[in-house]
Structure formats: C-alpha cells, structure tokens
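Peer 1: have a look at this fold, sequence not included:
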C-alpha cells in the first residue's frame, strides 16, 4: 500500500508543496451525490483536499451510471458508502464523514455547522433554493458553490461560474432544466461539477494565501 | 433606477421584494434574492422594501444535478 508520505509527496510534486499543505488542511461538504456531487468529490479528492463531508439519502441505481461516479457492483449501495469506497481508492488517507440523510429545512444547520465550504449538488430546483437560502441566511461566513442549469448536450461554453456575493458562487448555464425533459449527460454534468470544485479549491487557496499566485478570480 | 441581475430597470413605485418577484413571475420556492450584497431571507420578502438605487440579484434555480 502507498504510504501517506508517498502520496503527499506525489501531490506536492504536482501542485507545489505550499498549495498542497493548504488543501490537505481544508475540507468541504458535498450535499447531493449524483452527477454533480460525485464528480465534485472526485475532483476535490484527486486535488488532495484533506476532508470531505458526503451527504445523500439515496442508493446507487442502474440509471445513475450514465453520469455518476459509481460502478455496476455498487448498484443498490448507499451513495454515501459507495462514493466513500471510490474516493478511498484515490486517497486512502482522505478523511470522510458521511450522512445518509435527506437534507431538509429542519436539519441543515446541524448538518453543515462544521463545514466552511459547501457544494450544493441537488437535483430538484426547490431543494437547491432551500439549501442556498438556508446557508446564506444562517451561515453568512461560509462559502457556497451552487449549480443551476447543466442539462442536455448543448454548448459547453455556456456553463460558467458567476460570483453572486463574496461567499456565494453559482455555476451552470442558468437555464437548461432537467425537469423540463432535457436529459442529464456525463460530460455536461461533469463540466458544471468541475466549475463548482474549481471555485471551491480556488477559495480555499485564496482565503489561506490571500491570493493565488499569478491568477485572479 | 434599480439594478436587477446586472440590468437597469426604471423605478416607478415603492414595492416589496415579494411584490417584485411575483410581478416578474418568479416561483418563490425556486429563488434566492440578494439585495445590496445581503441575502434577503424568505421570511422577509413581504417586509423588505426595494428602494430607488438598490441593486438586486434574483437567482432562479432550474432542475438537474
């Protein structure tokens, strides 16, 4: 088995030791582990973020395999457990908390209390709005990356990251609605997930370093 | 003038956030409203008045994840 030190060294070689130190100390919550959440978690884990809080109430279904980071043998498993298993294949030293629970108005504060960075990765528009409103209202000091509009096979370049406030970023094209019968697809969902993961990583680095070298948000 | 989602709009009469989003056809269970850099809590839509010069962002969510 690869040792913790070997893995740390490999990541430091790729991203730079200072960046890696910051990311290893950082963590994020991912609420919803579907096409967005599973891909966000993969990106964060591969980049060397040290801690992930995975939240979902659902189980892996055969129809999830078109875009979500699960495998045939995991059908029927809790998504929290299946994703944890997969992430630990990437980094066995990743610290993971799982909550197999439906996020509702009544439990959001308790669930997300300890997370400084939060990714909204739900499916339904009402649930997205509920989470975003609750986080912004109750936790104005936290950082939130939400998603709206990533359905279909359309123009990749319409998916973008918009800064709504210093603590709230919105990714997606804003309009393509899966609830209007447009299908969700692997590449386009992953595009949006990558936007969310990347803004969260950028914020982690920016908040710790004051700035990202050579880059402006 | 008020600024909403980056575009200027004429300010004609005093209205609450609830009146504004209803008039624009937004579904209140699918939006988040930011006004002058602060989130407007759902419970305050009825009591928050939009003033001339205010800047707002109405984030409207669509499904998919």
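Peer 2: Here it is on my side, so go on. A quick note: this is a predicted structure, and the numbers were derived from the prediction, not measured. Numbers count the residues shown, from 1 in each chain, chains lettered A, B, ... in the order given.

Peer 1: the helix or strand hosting residue A:109: what's the following helix or strand?
Peer 2: In the assignment (DSSP states H and E), residue A:109 maps to helix A:108-112. Sequence order places strand A:117-120 as the next helix or strand after helix A:108-112, per DSSP H and E.

Peer 1: which residues are contacting the helix or strand following that next one?
Peer 2: Sequence order places helix A:125-138 as the next helix or strand after strand A:117-120, per DSSP H and E. Residues from elsewhere that reach helix A:125-138 (C-beta atoms under 8 Å, 6 or more residues apart in numbering or on different chains): A:31-32, A:103-105, A:108-109, A:112, A:118, A:120, A:122, A:142, A:144, A:146-148, A:165, A:167-168, A:177, A:179, B:29-32, B:34, B:39, B:41-42, B:59, B:61-63, B:65. Every C-beta, even on glycine, is put in place using the N, C-alpha and C of the backbone.

Peer 1: kindly recompute the last result at 7 Å.
Peer 2: A:31, A:103, A:105, A:108-109, A:112, A:118, A:120, A:122, A:142, A:144, A:146, A:148, A:168, A:179, B:29-32, B:39, B:41-42, B:61-63 (C-beta atoms under 7 Å, 6 or more residues apart in numbering or on different chains).

Peer 1: which of the residues you listed are buried?
Peer 2: The neighbour-count criterion (16 or more other C-beta atoms under 10 Å in any protein chain shown) marks A:31, A:103, A:108, A:112, A:118, A:120, A:122, A:142, A:144, A:146, A:148, A:168, B:30-32, B:39, B:41-42, B:61-63 among the contacts of helix A:125-138 as buried.

Peer 1: among these, which lie within helices?
Peer 2: Counting by DSSP state H, the buried ones among the contacts of helix A:125-138 place A:108, A:112 in helices.

Peer 1: now residue A:117: how far from residue A:50?
Peer 2: Applying C-beta to C-beta, to the nearest Å, the value for residue A:117 to residue A:50 is 12 Å.

Peer 1: now the helices for chain B?
Peer 2: B:17-23.

Peer 1: spell out which residues of it are next to chain A.
Peer 2: B:29-32, B:34, B:37, B:39, B:41-42, B:57, B:59, B:61-65 (C-beta under 7 Å from any C-beta of the partner chain).

Peer 1: who in chain A is up against chain B?
Peer 2: A:32, A:34-36, A:121-126, A:128-129, A:132-133, A:136-137, A:147-151, A:164-165, A:170, A:175-179, A:184.
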